[in-house]
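S.K.: need coordinates for the below:
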Amino acid sequence: MTRDIVTTADIEPTADIETDPVCGAVTDVELARGADLVTTYAERTYAFCGAACRDRFLAQPTRYAASGRSEP
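M.R.: Coordinates of the predicted model:
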């Protein structure tokens, strides 16, 4: 799977980071926001490593939001 955003190596220690609920990648929220890879579901904000993970989440948000992360 390719990533739209480089994750762990580009994150500064003070960066706002989240775990992608689809694949588990550590994702910089501000980088994700700038690339339109952030969404809100059930009053919680989710950041994604790439468009594929975002699209999978949007197709089945309850699957990924309920457990925090679900394997493909």
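S.K.: which stretches of the chain have low pLDDT?
M.R.: Within the chain, the ranges that satisfy pLDDT under 70 run 1-14, 67-72.
S.K.: in the longest helix belonging to it, what's buried?
M.R.: What stands out as the longest helix in the chain, according to DSSP state H, is helix 51-59. For helix 51-59, a neighbour-count test (16 or more other Cβ atoms under 10 Å) marks 53, 54, 56, 57 as buried. Placement of C-beta: from N, CA and C, glycine included.
S.K.: quick check, central residue of this structure?
M.R.: Centroid-nearest residue in the chain, with Cα atoms, centre = their mean: residue 48, separated by 2.0 Å.
S.K.: tell me how far residue 15 lies from residue 31.
M.R.: From residue 15 across to residue 31, the span is 8 Å (Cβ to Cβ, to the nearest Å).
S.K.: between those two, which is the more surrounded one?
M.R.: With neighbours defined as other Cβ atoms under 10 Å, residue 15 and residue 31 compare such that residue 31 has more, 21 against 13.
S.K.: ok, then the element right after the host helix or strand of that one?
M.R.: Element membership for residue 31, per DSSP states H and E: helix 29-34. Next along the chain after helix 29-34, taking DSSP H and E as the criterion, comes strand 38-41.
S.K.: so which elements touch that next one?
M.R.: If you count contacts as 3 or more Cβ pairs under 8 Å, 6 or more residues apart in numbering; DSSP states H and E, strand 38-41 packs onto strand 44-47, helix 51-59.
S.K.: run the chain-centre distance for the helix or strand following the last one.
M.R.: The one in question is helix 51-59. Following helix 51-59 in sequence order, the next helix or strand is helix 61-67 (DSSP H and E). Distance of helix 61-67 from its chain centroid, counting by Cα atoms, centre = their mean, to the nearest Å, is 13 Å.
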